[in-house]
Each structure stands twice: as C-alpha cells, then as structure tokens.
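K.L.:
Build the 3D model from these lines:
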Amino acid sequence: AMTLAEDVVNSIFERGVNQGTIRVLNYVIAALIASIFLAIATGSGNIHVYILLFLSLGLLFSVNYFVGILYGPDPNGNDKKEEKQTATPVHKKRSRSRSKKAD
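P.N.:
Here you go, the predicted model:
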C-alpha cells in the first residue's frame, strides 16, 4: 500500500486529477476548517470568521459534489471505475474515410 506522500508524488506524473489529489485537497480544506473553529473557540471569532467558515464549508462540499458528479456512477449503466479516471477526456482518433473524387 502506498503512503499519502507517495501517492501525491506519483500523481504529479499522471494526467488529470486522481484520487490522491482529491484526498490531499480534502485534508487541506479540513485543516482550514479546524483552524477557523480554533479561532472561534479562542474567542476571536467575529462576523468575518463565521463568514470564512461558511465559505470554506461550501468549498469542501462543492468540490466533493463536483468530483462525485464527474467520477460517479454513469446514468447509462456503464461502470466508470474500470476506466482510468482522468479529468481530461481522452479522444480516440477517428479514421477518415476518403471519398473517391470523380475525374
């Protein structure tokens, strides 16, 4: 099993956003929320701190909601977990059929 640090370093060399990147982003936003709660608990929580808490909670939920939509179950019944998950779609090259020109 890979550690979190190894997962993040390996994610640098992959295309798109993978699960390790999302996990680190969630940890960073959770640390932000914890520090805001600490500021409120120590008594220095004015209206600006509460607004920042609301915005950071909204950021946490909206990022995870978007990732859930992007990588969640396919409404057509196809299993997306079998595919390699990247944020950028991989397009297959179509072979062009050349029509015969009349001379």
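K.L.:
going forward, measure contacts between C-alpha atoms and count neighbours the same way
P.N.:
Fine.
K.L.:
so where's this structure uncertain?
P.N.:
Residues of the chain meeting the criterion pLDDT under 70: 1, 78-103.
K.L.:
where along it do the strands fall?
P.N.:
Using DSSP state E, no strands are found in the chain.
K.L.:
elements contacting the longest helix anywhere in it?
P.N.:
If you go by DSSP state H, the chain has its longest helix at helix 47-71. Helix 47-71 is packed against helix 19-41, with contacts defined by 3 or more CA pairs under 8 Å, 6 or more residues apart in numbering; DSSP states H and E.
K.L.:
Kindly recompute the last result at 6 Å.
P.N.:
For helix 47-71, there is no helix or strand it packs on, judged by 3 or more CA pairs under 6 Å, 6 or more residues apart in numbering; DSSP states H and E.
K.L.:
Buried residues of that helix, list them for me.
P.N.:
53, 56, 60, 64, 67 (16 or more other CA atoms under 10 Å).
K.L.:
And the fourth one, how far from Gly58?
P.N.:
Think Asn64. Separation of Asn64 from Gly58 (CA to CA, to the nearest Å): 10 Å.
K.L.:
And Ile29, by the same measure?
P.N.:
Taking CA to CA as the measure, Ile29 falls 10 Å from Gly58.
K.L.:
same question, Asn18
P.N.:
Asn18 is 21 Å from Gly58, by CA to CA.
K.L.:
Right, I'll leave it there.
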